[in-house]
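K.L.:
Need a 3D model of the sequence below.
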Amino acid sequence: MFSNHKTTNKYLALLAFIASLVIYTLTMAPTASFWDSGEFIAVAHGLQVNHPPGAPFYSLVGRIFSMFMPAGYVAISINFISALSSALTVMFLYLITVRLVREWKGHPDKMDAMNKIGMYGGALVGALTFAVTDTFWFSAVEAEVYAMSMFFTSIVVWLALKWAENHDKPYNEKWLVLIAYLFGLAIGVHLLNVLALFFVALIIYFKVRDFEWKSFLVMGGIAVVSFFVIYPFTIQNIPSIANGVGDATYGLIGPITFLILFMMGVAYAIYYTHKNRMRMANIVAICYAMILIGFSSYSVIMIRSIADPPIDENDPETAEAFISYLKREQYGATPILKGNFYDESTGQITREEEKLFPRRYSPAPNHLEQYGQYTSDWDFFWNYQVNHMYVRYFNWNFIGREADIQDAGWRSGFEEAQYPENKANNAYFFIPFILGLFGMIYHFNSDWKRALAILALFIVTGLAIIVFLNQTPEQPRERDYAYVGSFFAFSIWIGLGVTGLVEMIKGFADKKVLGYAAIGVCLLASPVWMGYQNWDDHDRSNRYVAPDYARNLLESTAPNSILFTNGDNDTFPLWYLQEVEGVRTDVRIVCLSLLNTDWYIKQLRDQWSHESAPLPISLSDEEVERVTSGITQWQPKTVEIPVDKEMLRNAFSDDRNYKESIGVKPDTSLPILQKGIDFEMPVDSLDEVVSWRLNGRLYGEDPQGNRVYYMQVQDRLILDILRTNNWLRPVYFANTVSQQSQLNLQGYFRNEGKAYRVVPKDFGAGRDGYIDTDIFTDRLENFQFREWDNPDVYFDENIRRMLTNYRFNFMALAMKYYEEGKADSAGFWLKWGEDKVPFRPDENNENLKLLYSVRYAQVGLTEDAVRLAGSTEQELVDRLNNNLTRFTEIENEFNQLNSEFESARSRGNISQQRDLRSQLNQLSSQAQQYITQVRTTRQSLTLIQYTYFQADLTDQAVALGEEVDGIMGEQFPPMPATKEESENEIDRYGLN
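P.N.:
Purely as a prediction, here's the structure:
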């Protein structure tokens with residue numbers, strides 16, 4: 001069967017490619033996803049400028065894939081780039097594993113049957129295992145740069161091994177030149193690929209040198225220098241030097257001229273070294289030239305920025321802005337080897353001195369609180385940055401994952417599942433991990449040189465990235481995608497582990513049937529089982545939530561509106577929908593996180609975006625620079641913005657008057673500006689002045705104990721827009737914007753679906769805004785909910801949280817109708833809401849479901865109320881029992897330790913007192929957590945009991961109360977025993 005290696009290898013590589021491509025195509029997202037996907041699709045399709053440091057080569061490829069597609073197929077065409085790149089990566093992983101085996105076993109034609117079975121079978125198992133790993137599969141089915149970046153990494157590793165096989169043949173340098181060119185291209189996708197340089201260096205070293213410490217250290221030094229020549233020198237410093245030369249020569253030698261001269265210098269170096277037969281220097285010069293040619297894709301960034309496209313992040317159309325863009329200055333500096341640090345004595349970040357290897361450096365209050373839980377920077381590094389932010393992810397991929405809940409741990413499958421209903425609850429029983437560990441040992445025993453190269457790849461794409469990123473606590477999302485290169489390297493060892501297993505079997509019985517059986521078992525136990533476990537939480541084939549969310553948010557606004565959004569996850573789907581599908585391009589999206597930057601403010605002030613006119617911002621360039629130079633202190637005060645009713649009445653009465661009022665030429669033929677956008681209520685009913693108390697953001701306390709407040713740049717710009725706008729253009733806040741960023745304006749909010757409109761009328765409403773049922777339902781009728789009611793479609797935690805937001809909207813509308821005495825309408829919209837966004841088994845927010853059931857009961861839909869409430873009753877009773885039992889156990893343990901503590905204190909044993917005090921504090925904290933859970937669960941059971949009483953299921957309600965009282969005992973308040981008591985308790989919760 002394996003008589004012809006070339007044919008066998010080709011077909012098995014093709015099998016790995018096709019199998020993984022089929023998996024990714026079947027599970028691929030049909031449209032944009034949350035986070036960066038929407039931005040990448042929008043930017044690629046329109047060749048615009050995405051967030052620093054950019055991905056121009058990815059955008060060029062995306063443009064090629066999408067340019068002939070109808071708007072509805074643009075997203076899937078760009079998503080397919082990731083699927084194709086990932087399948088090619090899997091294929092190259094197979095080929096890499098085969099080549100590594102050949103390094104010590106020789107050419108396959110000289111191998112016996114068992115060795116071939118082990119080599120081919122092991123490579124296939126390792127490749128297919130990597131194909132279905134949690135992190136790699138996640139990136140393979142959406143528009144992201146990590147899939148293409150891993151493709152470049154895999155082909156570079158394979159080419160290095162290809163060079164190793166041909167290193168003693170004429171013109172072998174062509175492989176190294178090709179590798180250099182791919183490094184350059186890959187820079188235009190993601191910098192992760194450059195880390196493969198250390199693998200290439202080790203492969204070259206062990207082929208041209210026998211190991212000795214001196215030459216090995218020299219090689220390491222050369223590799224490090226080469227890395228720094230690429231990054232940061234070529235990528236960041238050359239543009240900086242070009243700009244500096246321009247300043248030094250007063251523009252005589254501009255940046256473009258300098259770059260041309262620099263390229264001419266590299267070309268001359270190639271010519272000179274070739275002419276003088278300086279072979280090694282010539283290879284180095286050619287390779288560097290190829291890196292520069294590949295890196296030249298970054299010219300797209302500046303060229304497209306000059307065209308002022310709608311998405312033009314950082315506006316890098318000048319040399320200075322381009323350098324800032326490459327250096328990611330927008331995100332601030334992260335200390336790596338030296339910087340300010342967390343002072344244990346003050347609980348603050350030092351400003352006067354620096355230390356080596358600072359890991360705790362962020363002054364954000366929430367970060368400082370987390371830093372205090374660690375004894376040192378070293379403790380934070382190992383326990384948070386390494387263990388929590390890498391080892392946990394590694395275990396997700398090769399041992400198992402507990403859930404998709406933020407910060408969830410790993411599980412092997414031998415323990416009881418904590419989240420059995422969660423689709424991301426996947427267990428692999430240590431099988432891939434053991435195969436990889438065995439493969440690593442087997443590789444080092446068989447060929448320690450190449451094993452060291454794989455280890456280098458594993459470390460630099462894992463531990464080295466941890467050191468470089470220096471992540472702060474409380475990350476907004478999981479960051480496992482950053483370490484996919486490390487998981488790639490370990491998957492090679494999984495393949496070699498299977499190879500070693502077959503070789504071990506051969507030592508006992510050299511029978512091909514046993515070799516095939518071993519490969520079959522490993523295929524089933526690793527990739528097949530992992531694929532089965534991971535399929536349901538990686539299948540996004542029917543997930544349309546992100547664009548539907550964006551559409552619903554846009555459709556919540558009036559024409560020609562200004563919409564403030566929270567950040568990336570709010571904004572990117574909106575960009576996708578406007579730039580690709582052309583939906584509601586009249587709405588001007590204002591991302592509040594970007595509104596803290598000078599370039600973004602100027603873009604909003606000066607540029608049109610499709611049909612949306614520039615925003616009413618009064619600040620000059622100098623004022624923008626001053627405002628964005630840092631946060632400023634704010635004295636809490638009453639803010640007032642006048643309402644010129646006569647001007648509004650005049651502007652809203654005529655198209656021409658409205659256009660003139662908002663600063664648009666009257667002859668503008670844009671359809672969206674053919675009428676004035678009023679408040680859908682009489683102008684005379686508006687207030688004379690909008691007046692509210694604005695405290696600002698709490699910074700802390702001064703030495704005298706007085707509270708200190710500040711305002712972010714975005715806060716000041718919101719105030720400026722509100723003032724300058726003169727209430728002419730509709731202004732909205734997305735309802736995901738934090739209360740702090742809403743500037744205490746809630747009294748003037750009118751809830752219009754997924755957004756709050758700022759209306760110059762104090763409605764006296766709560767934080768959810770005033771609801772006009774006609775406007776609200778008019779917006780809802782334009783909403784889209786594709787596949788939201790499909791229980792087979794996987795919704796991750798982020799989406800499930802977003803569904804909660806919708807349900808609060810449905811309940812708010814229903815209660816407004818209920819207050820108006822329209823119980824039938826209230827019930828209709830509650831049912832409509834649940835039909836569109838049904839409760840799912842994998843949601844763990846029982847309180848929201850019970851609140852929905854209470855609303856059902858209050859509007860008279862008692863059957864639906866009991867249906868929802870009853871579905872959680874047994875689970876909550878069991879939880880109450882378990883939490884109370886655990887609380888009692890902790891209480892007993894605390895009492896016992898407290899007795900030991902008192903005994904130690906009476907004996908004067910300071911050391912034992914210190915140890916026991918620490919344990920007592922921990923037990924006290926745990927006890928508080930459990931008692932809080934007990935009280936919360938008891939409240940939830942009270943809501944269930946309320947629905948039973950309202951449905952006239954009195955016996956069932958009383959029985960539930962007696963059961964709960966029996967569990968909790970006399971030390972806790974009794975459950976309501978009658979319908980009247982139940983209603984009184986609901987009143988205390990504020991639900992009536």
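K.L.:
So, low pLDDT: which residues of this structure?
P.N.:
Along the chain, the model assigns pLDDT under 70 to residues 1-2, 666-675, 918.
K.L.:
Mind doing that once more with 50?
P.N.:
Along the chain, the model assigns pLDDT under 50 to no residue.
K.L.:
Help me confirm that residue 714 comes into contact with residue 743.
P.N.:
No - taking contacts as Cβ atoms under 8 Å, residue 714 lies outside contact range of residue 743: 9.7 Å. No exception for glycine: its C-beta is placed from N, CA and C like everyone else's.
K.L.:
ok, residue 861 to residue 473 distance?
P.N.:
Going from residue 861 to residue 473 by Cβ to Cβ, to the nearest Å gives 44 Å.
K.L.:
Same question for residue 360.
P.N.:
Residue 360 sits at a distance of 9 Å from residue 473 (criterion: Cβ to Cβ).
K.L.:
Repeat that for residue 711.
P.N.:
As judged by Cβ to Cβ, residue 711 and residue 473 stand 25 Å apart.
K.L.:
Going along the chain, name the helices of the stretch 101-250 of the chain.
P.N.:
Along the stretch 101-250 of the chain, counting by DSSP state H, counting those that start in this stretch, helices occupy 113-131, 134-140, 145-165, 173-187, 197-208, 213-228, 238-248.
K.L.:
Select, out of the ones you listed, the one closest to residue 565.
P.N.:
In terms of Cβ to Cβ, the element of the helices of the stretch 101-250 of the chain nearest to residue 565 is helix 145-165, at 23.0 Å.
K.L.:
Tell me how many other residues crowd the nearest residue to residue 407 once chain neighbours are set aside.
P.N.:
If the residues on either side of it in the chain are set aside, residue 407 comes closest to residue 388, at 7.6 Å by Cβ to Cβ, 6 or more residues apart in numbering. The tally of other residues near residue 388 (other Cβ atoms under 10 Å) stands at 17.
K.L.:
ditto for residue 458
P.N.:
When neighbours are defined as other Cβ under 10 Å, residue 458 has 21 of them.
K.L.:
got a list of what the residue nearest to it when sequence neighbours are not counted touches?
P.N.:
Leaving aside its sequence neighbours, residue 458 sits nearest to residue 489 (Cβ to Cβ, 6+ apart; 3.9 Å). Residues in contact with residue 489 (Cβ atoms under 8 Å, 6 or more residues apart in numbering) are 454, 455, 457, 458, 461.
K.L.:
Residue 489 - that's part of a helix, no?
P.N.:
Yes - residue state for residue 489 (DSSP: H, G, I helix; E, B strand; the rest coil) corresponds to a helix.
K.L.:
Can you give me the distance of residue 421 to residue 537?
P.N.:
According to Cβ to Cβ, residue 421 and residue 537 sit 12 Å apart.
K.L.:
and these two? which has more neighbours close in?
P.N.:
Using other Cβ under 10 Å, the more surrounded residue of residue 421 and residue 537 is residue 537, with 22 against 13.
K.L.:
and the next element down the chain from the strand or helix carrying the more buried one?
P.N.:
Residue 537 belongs to helix 529-538 when assigned by DSSP states H and E. Proceeding N to C from helix 529-538, the next assigned helix or strand is helix 545-554, under DSSP H and E.
K.L.:
Give the other helices and strands that the helix or strand just after that next one contacts.
P.N.:
Using DSSP H and E, the helix or strand that directly follows helix 545-554 along the chain is strand 562-565. Where contact means 3 or more Cβ pairs under 8 Å, 6 or more residues apart in numbering; DSSP states H and E, strand 562-565 is packed against helix 545-554, helix 568-579, strand 588-591, helix 713-725, strand 731-734.
K.L.:
And the contacts of the first one?
P.N.:
Defining contact as Cβ under 8 Å, 6+ apart, one finds that helix 545-554 is touched by 31-34, 37-38, 75, 563, 565, 570, 573-574, 576-578, 581, 583-584, 587, 734, 753-755, 782-786, 788, 795, 799, 802.
K.L.:
likewise the third one?
P.N.:
Contacts of strand 588-591 with the rest of the structure, by Cβ under 8 Å, 6+ apart, involve 561-568, 570-571, 574-575, 578, 600, 604, 609, 612-613, 615, 721.
K.L.:
Then the second one?
P.N.:
Contacting residues not belonging to helix 568-579 are listed as 32, 34-39, 41-42, 45-46, 48, 75, 310-311, 546-547, 549-551, 553-554, 563, 565, 583-585, 587, 589, 591, 593-594, 610, 734, 736-737, 798 [Cβ under 8 Å, 6+ apart].
K.L.:
Put the buried members of the residues you listed into a PyMOL selection.
P.N.:
Of the contacts of helix 568-579, the buried ones go into a single PyMOL selection, burial set by 16 or more other Cβ atoms under 10 Å:
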select buried, resi 32+34+35+36+37+38+39+41+42+45+46+48+75+310+311+546+547+549+550+551+553+554+563+565+583+584+585+587+589+591+593+594+734+736+737+798
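K.L.:
What ranges does the stretch 301-450 of the chain have for its strands?
P.N.:
Assigned by DSSP state E, counting those that start in this stretch, the stretch 301-450 of the chain shows strands spanning 338-339, 342-343, 348-349, 355-356, 400-401, 426-427.
K.L.:
Show me what the third one is packed against.
P.N.:
Read it as strand 348-349. Secondary elements touching strand 348-349 (3+ Cβ pairs under 8 Å, 6+ apart): strand 342-343.
K.L.:
what about 6 Å?
P.N.:
Contacting strand 348-349 under the criterion 3 or more Cβ pairs under 6 Å, 6 or more residues apart in numbering; DSSP states H and E is no other helix or strand.
K.L.:
Helix or strand for the residue nearest the centre of the chain, just tell me which one.
P.N.:
Relative to the mean C-alpha position of the chain, the nearest C-alpha, by Cα atoms, centre = their mean, is the one of residue 477, at 4.5 Å. For residue 477, there is no host helix or strand (DSSP H and E).
K.L.:
CA atoms only: put stretch 600-614 into CSV for me.
P.N.:
Output of stretch 600-614 as CSV, limited to C-alpha atoms (Å, rounded to 0.1, in the frame of the first residue of the first chain):
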residue,chain,number,x,y,z
TYR,A,600,-11.3,60.3,15.3
ILE,A,601,-12.8,63.5,16.6
LYS,A,602,-11.4,65.4,13.6
GLN,A,603,-12.8,62.8,11.2
LEU,A,604,-16.2,63.0,12.7
ARG,A,605,-16.1,66.8,12.6
ASP,A,606,-14.7,67.2,9.0
GLN,A,607,-15.8,64.2,6.9
TRP,A,608,-19.0,62.9,5.4
SER,A,609,-19.6,59.1,5.8
HIS,A,610,-21.9,58.0,3.0
GLU,A,611,-25.2,60.0,3.5
SER,A,612,-24.2,61.2,7.0
ALA,A,613,-23.0,64.8,7.2
PRO,A,614,-20.0,65.7,9.5
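K.L.:
What lies in contact with the helix holding residue 537?
P.N.:
The contact list for helix 529-538 (Cβ atoms under 6 Å, 6 or more residues apart in numbering) reads 27, 132, 137, 423, 424, 426, 428, 794.
K.L.:
hang on, the earlier thing: and of the helices of the stretch 101-250 of the chain, who's closest to residue 828?
P.N.:
Nearest of the helices of the stretch 101-250 of the chain to residue 828, taken as Cβ to Cβ: helix 134-140 at 39.2 Å.
K.L.:
Mind giving me the packing neighbours of that closest one?
P.N.:
helix 71-105, helix 145-165, helix 392-398, helix 484-508.
K.L.:
closest to residue 845 out of those?
P.N.:
Closest to residue 845 of the helices and strands packed on helix 134-140 is helix 392-398 (Cβ to Cβ; 23.3 Å).
K.L.:
from the chain's centre, how far out does that closest one sit?
P.N.:
Helix 392-398 sits 17 Å away from the centroid of its parent chain (Cα atoms, centre = their mean, to the nearest Å).
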